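K.L.:
Fold the following.
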Amino acid sequence: MTTSQSAKRTGGIPRGLSQTGPVLFSYGFRPFFLGGAVWAFTAMVLWLAALSGRLDIAGEYGVFSWHAHEMLFGYASAVLAGFLLTAVPNWTGRLPVSGWPLFGLFLLWLVGRLAFLASDAIGVRAAVALDMLFMPALLFICVREVVAGRKWNDLKVITGLLALTLANAAYHYEVIASGQPDRAYRLAIAAYVGLIMVIGGRIIPSFTRNWINRLGRKDFPVPFNSFDTAAIVTGVVALGLWVALPESRITAAGGVIAAAVHTVRLSRWRGWTTFSEMLVAILHVAYLFVPLGFLAIALSAIDIIDAKSALHVVTIGTVALMMLAVTTRATRGHTGRDLTASPMTTLSYGLMVLCALARPAAGFLPDHAPVLYTLSGALWLAAFALFIVEYGPMLVRTRRKI
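P.N.:
You can find the predicted model right below:
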């Protein structure tokens, strides 16, 4: 059956691996992983230039609001899209969005990025309207596939994507209304961490089990059970408290409890057995920042560390490091490469870990903050430069025969 015939049978958006046109748009991970990495690099260059006073970005919208938005809803949303457009078909057993429909979705994402750079010319509200096209479109596609495939357990992932879509709208509203999108960005970060708790609980023990099995051992991770469910619920409650009451002692207590529970959860996956293969081990390192992030939230709630330091523990350590781990593994797997981390890949992981430590350290060392800001930015740029150099060619070339 051809792709067009499949589309006629199922209705709506055509699906199926495109056999014509650029390889880049043959599968969802290709354009969005590459586009997300390029934008992570470009947006950081622009941000550092703006901080130094050499460039004015986003005009009336505000450069600080633009920076946070483009990390959360520019870079991170692209990586999430690439992952979901690849993973959801595997979960549901349905064909992936590919070819022209995939190109159209990627174009919506790209238009949103360019709109804010041109917001002085087109107006802030027009830029906002263009940016808000992508997330609902991605949500529609994922809902459609999950419902059509009757994979009701995957509605947890859809809930996280819905929260991100609402957070994007709320972010724009708060920026225009007050210039302080504090609650909206906390909601967005909470949604990403929630997705990591849910999806990480699937892929980390699974990949770890596969690795241990390859070595001929039987000391497998503990499979998903009621403890994992309790851990996710505990984490969601702690995140909800942080979104609503970031400076409350109740939030601090919730963060400490969630940190302890997720530390135990991580230990059940036996990550220490995987350090001979960094492509697996980095998933455990990234998940370690989940309890560290909860602890940072707790300490911030009682004024032991500043809110921005806590924020960057979560955004860089939990979200960006996990996304780098997932994009490298998924790219290698789906393009027919060996599932092993090259020296360049391992270096990119190390740079991102250092970035996750350097940026929050600025809150503890205010006299050295300018140096730490520059250092963290340089580490971020180096990590993504390595990804683009090594994985960019994989993403635009045909799959290797294996």
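
K.L.:
The closest residue to R270 other than its chain neighbours: neighbour count?
P.N.:
Among residues not flanking R270 along the chain, P221 sits closest, at 5.2 Å (Cβ to Cβ, 6 or more residues apart in numbering). The C-beta positions use only the backbone N, C-alpha and C, and glycine is treated the same way. Using other Cβ atoms under 10 Å, P221 has 20 other residues around it.

K.L.:
can you check P366 too?
P.N.:
Neighbours of P366 under the rule other Cβ under 10 Å: 10.

K.L.:
just to revisit the earlier point, next one: phi and psi at the residue nearest to R270?
P.N.:
phi -60, psi 160 (degrees, to the nearest 10).

K.L.:
what sits against it?
P.N.:
With contact set as Cβ atoms under 8 Å, 6 or more residues apart in numbering, P221 has these partners: 204-205, 208-209, 212, 268-270.

K.L.:
Also V243?
P.N.:
With Cβ under 8 Å, 6+ apart, V243 has these contacts: 183, 186-187, 190.

K.L.:
Please enumerate the strands of the stretch 301-402 of the chain.
P.N.:
Counting by DSSP state E, counting those that start in this stretch, the stretch 301-402 of the chain has no strands at all.

K.L.:
Where does the prediction get shaky in it?
P.N.:
Judged by pLDDT under 70, the stretch 301-402 of the chain has its weakly predicted residues at 400-402.

K.L.:
The stretch 151-300 of the chain now?
P.N.:
For the stretch 151-300 of the chain, no stretch has pLDDT under 70.

K.L.:
ranges for the helices of it?
P.N.:
Assigned by DSSP state H, counting those that start in this stretch, the helices in the stretch 151-300 of the chain fall at 155-177, 182-214, 226-244, 249-267, 278-301.

K.L.:
I'd like those written out as CSV, with distance to W91 added.
P.N.:
Shown next, in CSV, are those (distance: least, Cβ to Cβ, whole Å):
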stretch, distance to W91
helix 155-177, 8
helix 182-214, 9
helix 226-244, 17
helix 249-267, 22
helix 278-301, 19
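
K.L.:
quick one: which of the ones you listed is nearest E390?
P.N.:
E390 lies closest, by Cβ to Cβ, to one member of the helices of the stretch 151-300 of the chain: helix 278-301, at 12.7 Å.

K.L.:
Format the CA atom coordinates belonging to that closest one as CSV.
P.N.:
Extracted in CSV, the C-alpha atoms of helix 278-301 (Å, rounded to 0.1, in the frame of the first residue of the first chain):
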residue,chain,number,x,y,z
MET,A,278,28.3,6.3,28.0
LEU,A,279,25.4,6.2,25.6
VAL,A,280,23.5,4.3,28.3
ALA,A,281,25.2,5.8,31.4
ILE,A,282,24.3,9.4,30.4
LEU,A,283,20.6,8.6,30.7
HIS,A,284,21.2,7.8,34.4
VAL,A,285,23.4,10.9,34.9
ALA,A,286,20.7,13.1,33.3
TYR,A,287,18.0,11.5,35.5
LEU,A,288,20.2,12.2,38.6
PHE,A,289,19.4,15.9,38.0
VAL,A,290,15.7,15.1,38.6
PRO,A,291,16.3,14.6,42.4
LEU,A,292,18.9,17.3,42.3
GLY,A,293,16.4,19.6,40.7
PHE,A,294,13.8,18.8,43.3
LEU,A,295,16.4,19.5,46.0
ALA,A,296,17.3,22.9,44.4
ILE,A,297,13.6,23.8,44.3
ALA,A,298,13.3,23.0,48.0
LEU,A,299,16.3,25.1,48.9
SER,A,300,15.1,28.0,46.8
ALA,A,301,11.7,27.9,48.5
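
K.L.:
Do I have it right that I196 meets T318?
P.N.:
Yes - counting by Cβ atoms under 8 Å, I196 touches T318, with 6.3 Å between them.

K.L.:
okay, and the common contacts of the two?
P.N.:
V290.

K.L.:
Can you select the buried ones from the contacts of V243 in PyMOL?
P.N.:
Buried members of the contacts of V243, defined by 16 or more other Cβ atoms under 10 Å, are picked up in PyMOL with:
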select buried, resi 186+187+190
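
K.L.:
hang on, the earlier thing: could you check which of I196 and T318 has the larger neighbour count?
P.N.:
Legend: neighbour count by other Cβ under 10 Å for I196 and T318, higher for T318 (27 against 24).
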